[in-house]
Each structure stands twice: as structure tokens, then as C-alpha cells.
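Student: Sequence first, predicted coordinates after that:
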Amino acid sequence: MRKVRARDWDKLRIFHAVADAGSLTHAGDRLNLSQSAVSRQIRALEETLNATLFHRHARGLILTEQGELLFDATIAMNKRLDAASARIRDSEEEVFGDLRVTTTIGFGTLWLAPRLDKLYKQYPDLRVDLMLEERVLDLPMREADVAIRMKEPSQADLIRKRLMSVKMQVFATQAYLDENGVPEEPEDVTMHRLICQSVNATQVGASASLAQHLLTYDVRSLLTVNNYFGVLQAVLQDLGLGILPDYVSLNEERLIRVLPQIESPDVPVFLAYPEELRQSKRIAAFRDFVQEEIIAYRKGLKQKQIV
């Protein structure tokens, strides 16, 4: 494959659009170009590289092996361009624009999302893309701008800060306890339904360990859900004893902690973002917002413990 020269940037942009859309027509629509103009540019790029980039099929275009290599390169190039654009935008005084935040489904739905209204009130021009998944996204490759994870990130070139610690505990509702009794000792779970994530699901290791421990008591009934939001909803429907992160109980008065002698070790919560975004005003705004909410959360926990 020959080298691509600077004058071929426009062809690369068109190639990327075609590879992403899988169709000359759809790519042309995105770029405001005719199908024939797009086709000419792709042929010209293939001639420049002396390589076939697409297999032509009736159902659309499929990348060849050489095409896959080039598409990977244009994806990386676009991410770098996005990063550069973000840094340029962040040279302005105001906080605005897109901010891609990734975290786990449980923390995102139960802790972060309910608090975002305060961030928007302070920065109404900010556009947050909240990406909730258990998979750890690659921050240096700009799959996201900032991450909140339940363990210290191992990727290089990241600025990281420990925010707080979480414990996994057992909760139920008063209605469930009135009907089924209050478990006093771990072995009492044999008379109850346990609600937790599957021990084989992607989750915080401390949660899986706590679930495995309780399951050794041969629980009467079991309900597994693939995220903590689902576990919480099941508990609130009076279905059983649920293993949940301690932070959910602060703003959910219906939750009653049971078996207080059982809880997981501390689970560290980290905020991380790429070194190249150190000067980003959007990142700084989000970081400061999260830290302020952590302080308020800790105060709320102390007040609840006093009561």
C-alpha cells in the first residue's frame, strides 16, 4: 500500500464516510455529494494506494483487509481531530459543547444521572453524552472524555482521582419484612428470596463475592438481574432481600438495611480523563461538580447515621 499524501485528506474524509455508512449513496447524503462524485473519489484513492478498499455487493460495500486497516487509521485520526477541536473550544471562557462521560450502569443510573440537573443549571450550554456500560472504554483513544469507574484505571497517560468508597450491603422494604420476617443472622437467608446480579455477570468483584457468600446458605428463592437498577426496582416491589451499593439508600427512604454485620470491603470509585484534556474547562467543570456532590453525599450519610 502506497503512502497517502497531504492532498489526499479530502479523499480520506470521503472514504471514512463511505466505510462508516456502508453505502456510496448514504455517504453522499452525509457529505452533500452525488453518488458519482463519491465513487470517483474512492476510485482515485484506491489508485493512489494501489489497493482495493471495498468489496462491492448488492447489499452494499464491505471493507477489504486493506480497507479495514485504513478505516482504523481514519477512526483514530478523527478522534485526534475531535480532541484538538475540543481543546481549541476549551480556550474560550465559557463551558459549553459536548462532554462524553462513561461509567457503570449502576452508578450512572442510581448516583450520577439524578444529580445532573445541578450541572446543567450551572452550565446550560453543556451537552453531556452519558455512556453507561460495564466495559471499560479506552480514554486515550477518545472513546470517552472522562470516566467514573469502580476500580483504579490501568491505562497509561490518564489523570486519575479517587472520589469515594462504596460498600455493597443488603436491603429490603418494610412491606417485605412485615410479611416475611427480619433476617437476624446470615443463615436466615434460607427463608428469603435473594435479589442480586448473577455471579457470572460483569460487575464489581465485591458484589459478586458477597452474593456468593450468601448463596452458600442455600437461599429459598433467587432473582438475578444484570444491573443494580434492576435489583433496586425488584427490591422496591417487595420481592426480597437485595444486594445494592450503599449510596442508593441515602435518597430512597423505602430501603431498610438488614444483616448489618454483612457488607463488602470498600470499593474505590475513581474519576479519570486523558492527560491531553488537563486544561479542558469542560472536564474541570465536571470534575468540580462531581467532587461537590461527593462532599454533599458524605454529609448526607453522616446526618443519616446520627439520626
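Tutor: It's in.

Student: which regions of this protein lie under the pLDDT threshold?
Tutor: Under the criterion pLDDT under 70, the flagged ranges of the chain are 1-7, 83, 85-94, 201-203, 305-307.

Student: which residues of the stretch 101-250 of the chain fall in helices?
Tutor: For the stretch 101-250 of the chain, the helices defined by DSSP state H, counting those that start in this stretch cover 105-107, 116-122, 174-180, 205-215, 228-236.

Student: and the angle from the last one to helix 205-215?
Tutor: It stands for helix 228-236. 40 degrees (axes from the mean of the first three to the mean of the last three C-alpha atoms, to 10 degrees).

Student: ok, back up a step: can you list the helices of the stretch 101-250 of the chain in CSV and add mean neighbour count?
Tutor: Glycine gets a C-beta too; all of them are placed from N, C-alpha and C. What follows is the helices of the stretch 101-250 of the chain, written out as CSV (neighbours: other C-beta atoms under 10 Å):
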stretch, mean neighbour count
helix 105-107, 21
helix 116-122, 13
helix 174-180, 14
helix 205-215, 18
helix 228-236, 21
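
Student: do you know which of the ones you listed lies nearest residue 98?
Tutor: Residue 98 lies closest, by C-beta to C-beta, to one member of these: helix 116-122, at 13.8 Å.

Student: Distance from the chain centre to the closest one, please.
Tutor: Here the centre of helix 116-122 is set off from its chain's centre by 19 Å, with C-alpha atoms, centre = their mean, to the nearest Å.

Student: got it, and stretch 275-295?
Tutor: 17 Å.

Student: what about the helices of the stretch 101-250 of the chain, which gets the closest to residue 153?
Tutor: Across the helices of the stretch 101-250 of the chain, closest to residue 153 is helix 105-107 (C-beta to C-beta), at 14.5 Å.

Student: do you know which of the helices of the stretch 101-250 of the chain lies nearest residue 141?
Tutor: helix 105-107 (21.7 Å).

Student: Just put the helices of the stretch 101-250 of the chain in a markdown table and tack on distance to residue 41.
Tutor: Listed next are the helices of the stretch 101-250 of the chain as a markdown table, based on distance: least, C-beta to C-beta, whole Å:
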| stretch | distance to residue 41 |
| --- | --- |
| helix 105-107 | 41 |
| helix 116-122 | 41 |
| helix 174-180 | 64 |
| helix 205-215 | 50 |
| helix 228-236 | 46 |
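
Student: among those helices, which is nearest residue 156?
Tutor: Among the helices of the stretch 101-250 of the chain, helix 205-215 comes nearest to residue 156, with 22.8 Å by C-beta to C-beta.

Student: List of residues touching that closest one?
Tutor: The contact list for helix 205-215 (C-beta atoms under 8 Å, 6 or more residues apart in numbering) reads 167-168, 170, 186, 189, 194, 196-197, 199, 201, 222, 243, 245, 262-265, 267.

Student: Quick one: buried ones out of the residues you listed?
Tutor: 168, 170, 189, 194, 196-197, 243, 245, 262-264, 267 (16 or more other C-beta atoms under 10 Å).

Student: Need the residues you listed in a markdown table (columns: distance to residue 126).
Tutor: Formatted as a markdown table, the buried ones among the contacts of helix 205-215 follow (distance: C-beta to C-beta, whole Å):
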| residue | distance to residue 126 |
| --- | --- |
| 168 | 32 |
| 170 | 37 |
| 189 | 45 |
| 194 | 41 |
| 196 | 36 |
| 197 | 32 |
| 243 | 34 |
| 245 | 26 |
| 262 | 41 |
| 263 | 36 |
| 264 | 34 |
| 267 | 28 |
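
Student: The residues you listed: which two are farthest apart?
Tutor: Longest span within these, C-beta to C-beta: 189 and 267, 21.6 Å.

Student: Compute the number of surrounding residues for the residue nearest to residue 127 when sequence neighbours are not counted.
Tutor: Excluding the flanking residues, the one nearest residue 127 by C-beta to C-beta, 6 or more residues apart in numbering is residue 98, at 4.9 Å. Using other C-beta atoms under 10 Å, residue 98 is surrounded by 14 other residues.

Student: Then residue 223?
Tutor: Neighbours of residue 223 (other C-beta under 10 Å): 15.

Student: check contacts around the nearest residue to it once chain neighbours are set aside.
Tutor: Ranked by C-beta to C-beta, 6+ apart and with sequence neighbours excluded, the top spatial neighbour of residue 223 is residue 195, at 4.7 Å. Residue 195 makes contacts with 223-225, 231, 234-235, 239-243, as judged by C-beta under 8 Å, 6+ apart.
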